[in-house]
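*Asks:* return a 3D structure for these sequence lines:
(one chain, ligands or ions: 1)
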Amino acid sequence: MKAYAAVDLGASSGRVMVGRAGRDSLELVEAHRFPNRPVRTPEGLRWDVLSLYAGVLDGLKAAGQVDSVGIDSWAVDYGLLDADGALLGNPVHYRDARTEGVPEKVWATVPAAELYAATGLQYAPFNTLYQLTAARSSAQLAYAKRLLLIPDLLTYWLTGEQGTELTNASTTQLIDPRTGDWSYDVAERLGIDLGLFAPLRRPGDPAGLLRERVLEETGLTGPVPVTTVGSHDTASAVAAVPATGGERFAYICTGTWSLAGLELAAPVLTEASRAANFTNELGLDGTVRYLRNIMGLWLLQECVREWGDPDLGELLRAAAGVPALRSVVDAGDSAFLAPGRMPERIAQACRESGQPVPETPAEITRCILDSLALAHRRAVAEAQALADHPVDVVHIVGGGTRNALLCQLTADACGLPVVAGPAEAAALGNVLVQARAHGLVGDRASMRQLLTRTQPLVRYEPQGDPAAWRAAQARLTAR
Ligand code: LFR
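*Replies:* All right, here's what the predicted structure looks like:
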């Protein structure tokens, strides 16, 4: 048995988990969880990356002696370093408003269709490419000698070594998904200096050893290697989809976001795929994560925050009692991206589309869950059609697996069986890639077999009237 520390940073909390893996066993224990509280400064919304780093150090201390450490987090965001390697300012949060109006400027130089053909990335205002364009004339960027994506920044602080992990780099919109290398032409036309990025590294590559100071701080005995994992949390989560061999599956990684799609051998770069706003992010072993970003449980998290944090279990029970599909909103709409006033914005969207306006927290919660299930249905159906890749089952992984109502509604909406679990997919994917790098598990398929043998999974069969979902979908698309 070996022990691996998986640092997994989400939009609202970070955690350090210890995974113990053997040839036929895999268990995960939480060593430390800490809040991730973005700060609204006079300049805009920022990540408190120092408090995250402190949380990582506390977590490693709580984890105790481990054989390796791996880090994953949300995508697209980065820190800039000066010539001495010191951080220039707090990393900007992807929900910050600085990219408003920027995509249009980018498309004036590289038309959106060309950008998609070259990078395969969905349109999302927060893609690193748009963030860098928004920052073009900032003093920070002028002084910057290095750009490190969030997990790479923390790895650098832990080990002193710099790199750019590929699965996360693929969310910058500066990578060609066919080659897994930089999209030199796009960068050049947009005046983005690729020299800012450290050399690419891949999941499984060594990322240095914990520095002396870190060993002192955490009480660990060196040498402790840091291993590159799928540092984009969604890449790690997809690696931990417990698909059985030969199964044709779609996946939905649920949490703050719902990322719904397929694991493919090659990107889909067609115009139809661009129009449907599917993304081709890179996964483990040269795979493509062909998926759509759906607003996810963010919609509910924001409402719950507004309602003063009521008991979630009770809220979900009450929502289960509300009549189904009375009103739905487009959970893929980036109008819901920014924080604040979420119940009001959802009510407004229902009002504008001539549907009954949900009023109580239970009604709004039901509206959100129905809308999410509907968005899941649409993404799963469209991904299959666009990639010509039919599936028989939908795997739900991540925090949303704890929401039984959402899982059942997703099965009903998709008209397919849903297998839910594991909840801590990103951390498990992180652990498994470390275990693989150290020779403990074999290929991707055997990683997944280990998950199916060791993790509790719940199966939901589709129920109810498929016509009701078709009608709700038609109501949304008619507008
Ligand atoms: C999920 C996620 C998504 C990415 C979004 C923003 O945590 O990583 O995959 O699109 O956050 O970075």
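*Asks:* does the longest helix that the chain contains come close to the ligand?
*Replies:* The helix spanning the most residues in the chain, taking DSSP state H as the definition, is helix 361-387. No - for a cut-off given as CB under 6 Å from any ligand atom, helix 361-387 has no contacts with the ligand; the smallest distance is 13.3 Å. Where C-beta positions appear, they are placed from N, C-alpha and C, glycine not excepted.
*Asks:* show me which positions of that helix end up buried.
*Replies:* By neighbour count on 16 or more other CB atoms under 10 Å, the buried set for helix 361-387 is 361-384, 386-387.
*Asks:* strands along the stretch 301-450 of the chain, start to end?
*Replies:* All strands of the stretch 301-450 of the chain, identified by DSSP state E, counting those that start in this stretch, fall at 393-398, 418-420.
*Asks:* next, format those strands as TSV and append distance to residue 262, mean pLDDT and mean neighbour count.
*Replies:* What follows is those, written out as TSV (distance: least, CB to CB, whole Å; pLDDT from 0 to 100; neighbours: other CB atoms under 10 Å):
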stretch	distance to residue 262	mean pLDDT	mean neighbour count
strand 393-398	11	98	27
strand 418-420	15	98	26
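*Asks:* tell me which of these sits nearest to the ligand.
*Replies:* Ranking the strands of the stretch 301-450 of the chain by distance to the ligand, with CB to the nearest ligand atom as the measure, places strand 393-398 first at 8.7 Å.
*Asks:* that closest one - contacts with which helices or strands?
*Replies:* With contacts taken as 3 or more CB pairs under 8 Å, 6 or more residues apart in numbering; DSSP states H and E, strand 393-398 sits against strand 249-254, helix 404-414, strand 418-420, helix 425-437.
*Asks:* stretch 328-341: end-to-end distance?
*Replies:* For stretch 328-341, the separation between the terminal residues is 18 Å (CA to CA, to the nearest Å).
*Asks:* now do the contacts for residue 151.
*Replies:* 7, 9, 71, 72, 73, 165, 168, 231 (CB atoms under 8 Å, 6 or more residues apart in numbering).
*Asks:* same thing but 10 Å
*Replies:* By CB atoms under 10 Å, 6 or more residues apart in numbering, the contact set of residue 151 is 7-9, 70-75, 165, 167-168, 207, 228-233, 236, 430.
*Asks:* show me those that map onto helices.
*Replies:* Those of the contacts of residue 151 lying in helices (DSSP H): 167, 168, 233, 236, 430.
*Asks:* so which of the residues you listed is the most crowded?
*Replies:* Neighbour counts for these peak at residue 430, which has 35 neighbours (criterion: other CB atoms under 10 Å).
*Asks:* nearest residue to that one other than its sequence neighbours?
*Replies:* residue 6 (3.8 Å; CB to CB, 6 or more residues apart in numbering).
*Asks:* does residue 27 touch residue 1 like I think?
*Replies:* Yes - in this structure, residue 27 sits in contact with residue 1. The criterion is CB atoms under 10 Å, and the distance is 9.3 Å.
*Asks:* comparing these two, which residue is more hemmed in?
*Replies:* The neighbour comparison of residue 27 against residue 1 (other CB under 10 Å) goes to residue 27, with 14 against 10.
*Asks:* that one: what secondary structure?
*Replies:* Residue 27 falls in the strand class when you classify it by DSSP: H, G, I helix; E, B strand; the rest coil.
*Asks:* count the residues that sit near the nearest residue to it once chain neighbours are set aside.
*Replies:* Here the nearest residue to residue 27 in space, its sequence neighbours aside, is residue 20; by CB to CB, 6+ apart that works out to 5.3 Å. A count of nearby residues for residue 20, using other CB under 10 Å, gives 17.
*Asks:* what pairs with the host helix or strand of residue 20, and is each one parallel or antiparallel?
*Replies:* Applying DSSP states H and E as the criterion places residue 20 in strand 13-22. Strand 13-22 pairs in its sheet with strand 2-9 (antiparallel), strand 25-35 (antiparallel), by DSSP bridges.
*Asks:* tell me which of these sits most buried.
*Replies:* Comparing those on average neighbours per residue, with mean count of other CB atoms under 10 Å, the densest one is strand 2-9 at a mean of 26.
*Asks:* give me the mean pLDDT for that strand.
*Replies:* This predicted structure assigns strand 2-9 an average pLDDT of 98.
*Asks:* again with stretch 54-62
*Replies:* For stretch 54-62, the mean confidence score works out to 98.
*Asks:* got the angle between the longest helix of the chain and helix 404-414?
*Replies:* Inter-element angle recorded for helix 361-387 and helix 404-414: 40 degrees (by axes from the mean of the first three to the mean of the last three CA atoms, to 10 degrees).
*Asks:* closest point of the stretch 101-250 of the chain to the ligand, which residue?
*Replies:* The ligand sits closest to residue 234 of the stretch 101-250 of the chain, with a gap of 3.8 Å, by CB to the nearest ligand atom.
*Asks:* which SSE is residue 124 in?
*Replies:* Judged by DSSP H and E, residue 124 forms part of no helix or strand.
*Asks:* which ones are touching residue 139?
*Replies:* Residue 139 is in contact with 88, 89, counting by CB under 10 Å, 6+ apart.
*Asks:* quick one, phi/psi of it?
*Replies:* Dihedral pair for residue 139: phi -60, psi -40, per degrees, to the nearest 10.
*Asks:* show me the domain layout of this protein.
*Replies:* Here the domain parsing of the chain from the TED database is 2-231, 232-421+457-478.
*Asks:* do you know the pLDDT at the residue nearest in space to the middle of the chain?
*Replies:* Note on the chain: the residue nearest the mean C-alpha position is residue 234, at 4.0 Å, using CA atoms, centre = their mean. At residue 234, the predicted lDDT confidence score is 98.
*Asks:* that one and residue 76 touch, don't they?
*Replies:* No - using CB under 10 Å, residue 234 is not in contact with residue 76, being 11.1 Å away.
*Asks:* got any residues that touch both of those two?
*Replies:* Shared contacts of residue 234 and residue 76, counting by CB under 10 Å, 6+ apart, come down to 168, 171.
*Asks:* and the strand holding residue 20 with helix 425-437, angle?
*Replies:* 40 degrees.
*Asks:* which parts of strand 13-22 are buried?
*Replies:* Under the neighbour-count criterion of 16+ other CB under 10 Å, strand 13-22 has 14, 15, 16, 17, 18, 19, 20, 21 buried.
*Asks:* and it, average pLDDT?
*Replies:* This predicted structure assigns strand 13-22 an average pLDDT of 96.
*Asks:* show me which of the buried residues of strand 13-22 is closest to residue 330.
*Replies:* Proximity of those to residue 330, judged by CB to CB, is greatest for residue 14, which lies at 30.4 Å.
*Asks:* interface residues of this structure facing the ligand?
*Replies:* Taking CB under 6 Å from any ligand atom as the criterion, the contact residues of the chain with the ligand come out as 74, 75, 76, 94, 232, 233, 234, 255, 256, 257, 259, 293.
*Asks:* now the fourth one, what's its secondary structure?
*Replies:* Using three-state DSSP, the secondary structure recorded for residue 94 is coil.
*Asks:* and it, how far from residue 455?
*Replies:* Applying CB to CB, to the nearest Å, the value for residue 94 to residue 455 is 30 Å.
*Asks:* so if I had to pick from the two, which one is more boxed in?
*Replies:* residue 94 (24 against 19).
*Asks:* before we move on, which element is the nearest residue to that one once chain neighbours are set aside in?
*Replies:* Using CB to CB, 6+ apart and skipping residues adjacent in sequence, the residue nearest residue 94 is residue 126, 3.7 Å away. Secondary structure assignment for residue 126, by DSSP H and E: no helix or strand.
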